[in-house]
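J.: Next comes the sequence, and after it the predicted model I'd like to discuss.
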Amino acid sequence: MGILDKLDMSNRLDRDEYERRLAAGQRRLAQLRLHLGGLMGSGTLGPGLLVVMEGPDASGKGGAIKALVGHLDPRHYTVVSYAKPTTQEKNQHFLWRFYRELPGLGEMAVFDRSWYGRVLVERVEGFATRAEWKRAFKAIVDFEESLCNESVILVKFWMHVTDDEQLRRFEGRAAEPLKRWKLTEEDWRNREKNRLYDEAAEEMFLRTDHKLAPWDVIGGEQKRYARIAVLEIVIKRTEDAMRRWGVEVPPPVEEIEAKLRKDRAELDK
């Protein structure tokens, strides 16, 4: 059995717990971002933070991205959505088009799809030869390890939904005028190849999971659960990477506030 076969798709959160954990997680992530950006703490820039989102159509990537960055100052992050490469991009090495948007020291970026297109859509649709997508596994790992050793915290997600839930979301988009633009004929056609994409994803997990940037695979059947899982995993992996980089991990804001209240109380005695 592969990772997707064993994935627990039953996880759920009620609305109250979702709202509580969303508020706490967003506050913590904002604090970490300010420290990495040199706007809190020592004032020294930390590594950049790059979050890569992959997964089937309608698996909840967009909603998870909103939960992750919607509360942050827009000057402190970028979101880049990648579609098929342009003619110029096709003439370059397949990693070339991603370099321009990589976060620098103290910056944050979220990639909605990424260089993994070479071993997913390009593999399944035949846009890359077998030799090309087979070579890409090593090229990707070398590239990511270089980034992580030099200047970037890399967090990688695969958001997953069942065929039935994907169909329900497709039909919901088709029925909603303001969401209909998200649904294309290509999306419907791709459903017929879901098992081929699953097979490609399983090999991708096996060949590109590494110590500096492991895959986090999220069962996204319930959107609330998936969004909180993404937010909390980004926080944990950011904290772990800060320690690896020798960057001080600040105590939670709540602890800082409690200490300030205690100090003020002592002074008022």
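T.: Great, that's in hand.
J.: any low-confidence regions in this protein?
T.: Applying pLDDT under 70 to the chain flags the ranges 263, 269.
J.: And the strands in it?
T.: Here the chain has its strands, by DSSP state E, at 48-54, 78-81, 108-112, 152-160, 215-219.
J.: And the second one, what does it pack against?
T.: For strand 78-81, the helices and strands in contact under the criterion 3 or more Cβ pairs under 8 Å, 6 or more residues apart in numbering; DSSP states H and E are strand 108-112. In short, each C-beta sits where N, CA and C put it, glycine included.
J.: Keeping just the C-alphas, turn the strand it packs on into CSV.
T.: Taking C-alpha atoms only, strand 108-112 is exported to CSV below (Å, rounded to 0.1, in the frame of the first residue of the first chain):
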residue,chain,number,x,y,z
MET,A,108,8.3,34.3,2.5
ALA,A,109,6.7,32.8,-0.6
VAL,A,110,4.0,30.2,-1.3
PHE,A,111,4.1,28.3,-4.5
ASP,A,112,0.7,27.0,-5.8
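J.: can you list contacts of it?
T.: 33, 36, 48-53, 61-62, 65, 68-69, 72, 76-82, 98, 101-103 (Cβ atoms under 8 Å, 6 or more residues apart in numbering).
J.: Ok, stretch 64-79 next?
T.: By Cβ under 8 Å, 6+ apart, stretch 64-79 touches 22, 26, 29-30, 33, 37, 51, 53, 101, 103, 107-110, 112, 157, 159, 218, 220, 226-228, 230-231, 234.
J.: that older thread, of the contacts of strand 108-112, keep whichever come out buried.
T.: Using 16 or more other Cβ atoms under 10 Å as the burial test, the contacts of strand 108-112 include 33, 36, 48-53, 61, 65, 68-69, 76-77, 79, 82, 98, 102-103 as buried.
J.: ok so, going back, show me which of the contacts of stretch 64-79 are buried.
T.: 22, 26, 29-30, 33, 37, 51, 53, 103, 107-110, 112, 157, 159, 218, 220, 226-228, 230-231, 234.
J.: ok, now which ones touch the residue lying closest to residue 53 once chain neighbours are set aside?
T.: Using Cβ to Cβ, 6 or more residues apart in numbering and skipping the chain neighbours, the partner closest in space to residue 53 is residue 61 (4.4 Å). Shown in contact with residue 61 (Cβ under 8 Å, 6+ apart): 53, 54, 55, 112, 157, 159.
J.: Please apply the same query to residue 188.
T.: Each residue near residue 188 by Cβ under 8 Å, 6+ apart is listed here: residue 170.
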